[in-house]
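J.: this one's structure only:
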């Protein structure tokens, strides 16, 4: 310890290298099957060891792991004569009742953390689930996790783009036109009706837009400079909702104007009329557009068309 405090370096005098080398082989076998040659080459290039060991020495370390309870098998010569770690005594075991408690706690946590924190949690749980020999646990995690079907690296990159308000080019699987490229200035990512969306400003249409994140294939490019777009024209809509204000979760582009006879009057602003229409229609018959008149007429037309589709 005195030597480490003095030099801040790890040397042969500061560790049991027999144990260290044995643990290194264990970590190698956790990753993939390894041959004697793989192990010897790894030790030769290791920062701390940097030496050539013999096959007999490597065999001693592997037998030490077996004595510790590891089940290690060797493939045939035609398959590369590699050592395979079949099982080990360090696996985490989870009982059925513990899985129930875990899912209950997880659902509570998810409601109270940010998306960035949720991504970190998802990465952590995926990592430890790899060491848990229990398919029921992995299945339970997939059922309760809202990010189970997502690539966490892509989510982290998109969150970074939102934080920096980057202009990016995406490869996107559109439900209408199939795989295409689309460009937008990122604003935020958030859940709506249990679906994760990326919000931003469309470069092509020069208006607010949103994309389902599960349909984003990859980020093709992050632009160094943002496009100089003309001022985006917003539509302001006033609508009344026949519901208790506590039951309504206002969007970032909305504000409460007043409450008349128990009915909240809300103002919404957006450059994307489709998004405004979707918001109004989400309230069903509980919502009434007050102004502007042209937008109100568009909603009426939409409702009439919907009624006609049902031939009522």
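T.: Happy to help now that I have it. What you are looking at is a predicted structure, and each value in this text was computed from that prediction instead of being measured.
J.: Do you have the strands of the stretch 151-300 of the chain handy? List them.
T.: Remark: strands assigned in the stretch 151-300 of the chain by DSSP state E, counting those that start in this stretch are 167-174, 178-192, 195-202, 207-212, 216-222, 235-241, 254-260, 263-270, 287-291.
J.: Redo these as a markdown table? Include mean pLDDT, mean neighbour count and distance to residue 50.
T.: (Glycine included, C-beta is placed from N, CA and C.) Below are the strands of the stretch 151-300 of the chain laid out as a markdown table (pLDDT from 0 to 100; neighbours: other C-beta atoms under 10 Å; distance: least, C-beta to C-beta, whole Å):
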| stretch | mean pLDDT | mean neighbour count | distance to residue 50 |
| --- | --- | --- | --- |
| strand 167-174 | 96 | 18 | 43 |
| strand 178-192 | 94 | 16 | 45 |
| strand 195-202 | 94 | 20 | 47 |
| strand 207-212 | 93 | 20 | 50 |
| strand 216-222 | 96 | 14 | 39 |
| strand 235-241 | 95 | 19 | 67 |
| strand 254-260 | 93 | 12 | 63 |
| strand 263-270 | 94 | 18 | 62 |
| strand 287-291 | 94 | 16 | 71 |
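J.: Dump these into TSV; add distance to residue 95 as well.
T.: Shown next, in TSV, are the strands of the stretch 151-300 of the chain (distance: least, C-beta to C-beta, whole Å):
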stretch	distance to residue 95
strand 167-174	40
strand 178-192	31
strand 195-202	32
strand 207-212	37
strand 216-222	38
strand 235-241	47
strand 254-260	46
strand 263-270	48
strand 287-291	48
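J.: These: which one's closest to residue 70?
T.: Each of the strands of the stretch 151-300 of the chain has some distance to residue 70 by C-beta to C-beta; the shortest is strand 216-222, at 39.0 Å.
J.: Run through who's touching the closest one.
T.: Contact partners of strand 216-222, identified using C-beta atoms under 8 Å, 6 or more residues apart in numbering, comprise 154, 157-158, 161, 166-173, 179, 181, 198.
J.: Span of stretch 245-258 from start to end?
T.: 10 Å (C-alpha to C-alpha, to the nearest Å).
J.: got a list of contacts for it?
T.: For stretch 245-258, the external contacting residues (C-beta under 8 Å, 6+ apart) are 188, 238, 241, 259, 264, 265, 266, 267, 268, 269, 270, 279.
J.: run the last query once more with 10 Å
T.: 187-188, 190, 192, 199, 208, 234, 236-241, 259, 262-272, 275-276, 279, 283, 286, 290 (C-beta atoms under 10 Å, 6 or more residues apart in numbering).
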